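**Q** mind looking at a prediction? Sequence and model below.
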Amino acid sequence: MNTTIIHQDAIIIDGLNVSNWSRSVFENIHTGGVTAINATTAVIDDFRETISNLAAWETFFQENADLIMRVEKADDILQAKRGGKRVSFSAFKILRRLKMTCRSC
């Protein structure tokens, strides 16, 4: 069986991606054949930084709509695969700091 065809047909999910997000990163993900990414949105960021990161993702989705789209339900992954797009869902790490800083907002 041809592994290239298997890879093209498969749904490939990058379960943990911490990147300095940009169009070139999205293009590389697309070229690599990854279908969906678990995009780290906040690691040790405080509340304001996390909100800023979420706002940046809104801009990424708008400016790179030809490459990426947001996942809201599992079917979005299948739709993106059929449409030649890649999908992203947000991941948050170390939320204790976010909780602590949110109290002082």
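**A** It's in.
**Q** pLDDT value on the closest residue to residue 63 other than its chain neighbours, please?
**A** Leaving aside its chain neighbours, residue 63 sits nearest to residue 23 (7.3 Å; criterion: C-beta to C-beta, 6 or more residues apart in numbering). Heads up, the C-betas are built off the backbone N, CA and C, glycines and all. Listed pLDDT for residue 23 reads 95.
**Q** only alpha carbons, please: show stretch 50-67 as CSV.
**A** Provided in CSV are the C-alpha atoms of stretch 50-67 (Å, rounded to 0.1, in the frame of the first residue of the first chain):
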residue,chain,number,x,y,z
THR,A,50,-4.3,35.0,27.6
ILE,A,51,-7.1,37.2,26.4
SER,A,52,-4.6,39.0,24.1
ASN,A,53,-3.5,35.5,22.8
LEU,A,54,-7.2,34.6,22.1
ALA,A,55,-7.7,37.9,20.2
ALA,A,56,-4.6,37.2,18.2
TRP,A,57,-6.1,33.8,17.2
GLU,A,58,-9.2,35.6,15.9
THR,A,59,-6.9,37.7,13.7
PHE,A,60,-5.1,34.5,12.5
PHE,A,61,-8.4,32.9,11.6
GLN,A,62,-9.5,36.0,9.6
GLU,A,63,-6.2,36.7,7.9
ASN,A,64,-5.5,33.0,7.0
ALA,A,65,-9.0,31.8,6.2
ASP,A,66,-7.6,30.0,3.1
LEU,A,67,-5.4,27.8,5.3
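**Q** contacting residues around it?
**A** 21, 23, 26-27, 30, 39, 41-42, 45, 68-70, 85-86, 88, 90, 92, 98 (C-beta atoms under 8 Å, 6 or more residues apart in numbering).
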